[in-house]
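Enquirer: need a 3D model of the following:
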Amino acid sequence: MSLVEVTSLKKVFGQVRALDGVSLSVESGEWVSIMGPSGSGKTTLINIIGGLDIPSEGAAIVDGIDIGRLDESGLTRFRAQKIGFVFQQFHLIPYLTALENVMLAQYFHSTTDESEAADALRRVGMGDRLTHLPGQLSGGEQQRVALARALINQPKLILADEPTGNLDEANEQTVIRLLRELHTQGHTILIVTHDPSIGMLADRRIELAHGRIAQVTVYSAEDEARFDHVLEELWICQEIGKRARLARFHSLDADPNRTMERLAVMGLVAVQDSEVALTDRGQRRARDVVRRRRLAERLFTDTFSVANAEADSQACKFEHIISPELDERICSFLGHPKTCPHGKPIPPGSCCPKENSR
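Expert: As a prediction, this is how the structure comes out:
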């Protein structure tokens, strides 16, 4: 059996159907991102999986335990023994030190070990903050204490609900690095996030809409970067009026046929007689990739005075992690440029003046 088995899960709050027949499974050691717009049921889903709520219908089974059959004391014991929680709000006790906050989680597990709690804090880079109160810590430091607290009882499953939502960029990267390390070590992670760049780190992304699963993506961040690179090449071919044939991609991809097959399944390209073309959906994604790349090039050359060669290299990395919100901020900051440093057109975005779209 999978570590998590959710079957036909429904949750109703009055007249609101927060979850409407959700079924999914999570394997041990897997990292799954739950994504979707606000109100789509993301938090409700992980609250049920974590034993913070019970389903109206259906079943949620974690490590062989049917959550819907547990009473309040059973749910408390389940949470203490099986789940490590990391929330957007850190939920630290303000009058307890970092060490005591971690030990509090041990207390609910019926044991306390100060040296073990200290080791957990050192593991997340907080070894020199053991005696600090939450009010003496930055947001990133508080989140690392919360992460140490989540890990102290060696849970079967780590549940993270927007764990970087209240952090600046530097602290966000620290927390994401810690989560990636935990995943590499074999921990099972289920994370709710709005951030596409975080969602791409997962083994699998599940997108919810109106309480139902709208889409499941099983590609890695490396796969997605490769897909974007191919789509970008197809856009450029189209831009210069050149036909794109499969042979063109043999130097760019170790297995271009498989990549094109995946892109076709995703509805992004159409392949006929060894010629590849973007679908309408592929046009939109390729357009966004090209826009991010060329905006990044302009940002590096104009704002940071980076040489063109280095700007191209950095922009290639940057284009895969820019969120739509950051895309618009960069564009506005640069004054809605029409071309990249090489003179190629930057596709206008919704933030651009209408004349840029002509």
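
Enquirer: domains in the chain, as residue ranges please.
Expert: In terms of domains, the chain is parsed into 4-217, 219-358 (source: automatic domain parsing).

Enquirer: pick out the shakiest of those, pLDDT-wise.
Expert: Lowest mean pLDDT within the domains of the chain: domain 219-358, a mean of 85.

Enquirer: I'd like the distance from that domain to the chain centre, please.
Expert: How far domain 219-358 lies from its chain's middle: 21 Å, per CA atoms, centre = their mean, to the nearest Å.

Enquirer: one more: stretch 182-195?
Expert: Computed by CA atoms, centre = their mean, the chain-centroid distance of stretch 182-195 equals 9 Å.

Enquirer: tell me the first helix or strand C-terminal of the strand or helix carrying Glu261.
Expert: Take DSSP states H and E as the rule and Glu261 turns out to sit in helix 256-265. Once helix 256-265 ends, the next helix or strand along the chain (criterion: DSSP H and E) is strand 269-272.

Enquirer: three-state assignment of the residue nearest to Asp66 when sequence neighbours are not counted?
Expert: Once flanking residues are discounted, Asp66 sits nearest to Ala59: 5.9 Å by CB to CB, 6 or more residues apart in numbering. For the C-beta atoms, the positions are set from N, CA and C on the backbone; glycine is no exception. What DSSP: H, G, I helix; E, B strand; the rest coil gives for Ala59 is strand.

Enquirer: what sits against Ala59?
Expert: Contacts for Ala59 (CB atoms under 8 Å, 6 or more residues apart in numbering) come out as Glu5, Val6, Thr7, Ser8, Leu9, Asp66, Ile67, Gly68.

Enquirer: for the stretch 151-300 of the chain, which segments count as strands?
Expert: Here the stretch 151-300 of the chain has its strands, by DSSP state E, counting those that start in this stretch, at 157-161, 189-192, 204-209, 212-217, 244-245, 269-272, 275-278.

Enquirer: what's the fourth one packed up against?
Expert: Read it as strand 212-217. strand 16-26, strand 204-209 (3 or more CB pairs under 8 Å, 6 or more residues apart in numbering; DSSP states H and E).

Enquirer: any chance of those strands in CSV, plus mean neighbour count and distance to Thr164?
Expert: As requested, those are arranged in CSV below (neighbours: other CB atoms under 10 Å; distance: least, CB to CB, whole Å):
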stretch, mean neighbour count, distance to Thr164
strand 16-26, 18, 21
strand 204-209, 20, 16
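
Enquirer: so which of the ones you listed comes closest to Gly186?
Expert: strand 16-26 (13.7 Å; CB to CB).

Enquirer: next, the angle from that closest one to strand 212-217.
Expert: Computed by axes from the mean of the first three to the mean of the last three CA atoms, to 10 degrees, the angle separating strand 16-26 from strand 212-217 equals 30 degrees.

Enquirer: tell me the angle strand 16-26 makes with strand 157-161.
Expert: Between strand 16-26 and strand 157-161, the angle comes out at 140 degrees (the same axes, to 10 degrees).

Enquirer: dump the C-alpha coordinates for the helix or strand following strand 16-26 into PDB.
Expert: Using DSSP H and E, the next helix or strand after strand 16-26 towards the C-terminus is strand 31-35. Written as PDB, here are the backbone C-alpha positions of strand 31-35 (Å, rounded to 0.1, in the frame of the first residue of the first chain):
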ATOM      1  CA  TRP A  31       7.700  14.700  -3.100                       C
ATOM      2  CA  VAL A  32       4.200  15.900  -4.300                       C
ATOM      3  CA  SER A  33       3.200  19.500  -4.800                       C
ATOM      4  CA  ILE A  34      -0.500  20.400  -4.500                       C
ATOM      5  CA  MET A  35      -1.200  23.500  -6.600                       C
END
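
Enquirer: so after strand 31-35, what's the next helix or strand?
Expert: Next helix or strand after strand 31-35 toward the C-terminus (DSSP H and E): helix 42-49.

Enquirer: could you tell me the angle between that following helix and strand 157-161?
Expert: 150 degrees.

Enquirer: can I get helix 42-49 in CSV, CA atoms only?
Expert: Provided in CSV are the C-alpha atoms of helix 42-49 (Å, rounded to 0.1, in the frame of the first residue of the first chain):
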residue,chain,number,x,y,z
LYS,A,42,-5.5,22.5,-1.3
THR,A,43,-5.3,23.3,2.4
THR,A,44,-8.5,21.3,3.1
LEU,A,45,-6.9,18.2,1.5
ILE,A,46,-3.7,18.3,3.5
ASN,A,47,-5.6,19.1,6.7
ILE,A,48,-7.5,15.9,6.3
ILE,A,49,-4.4,13.9,5.4
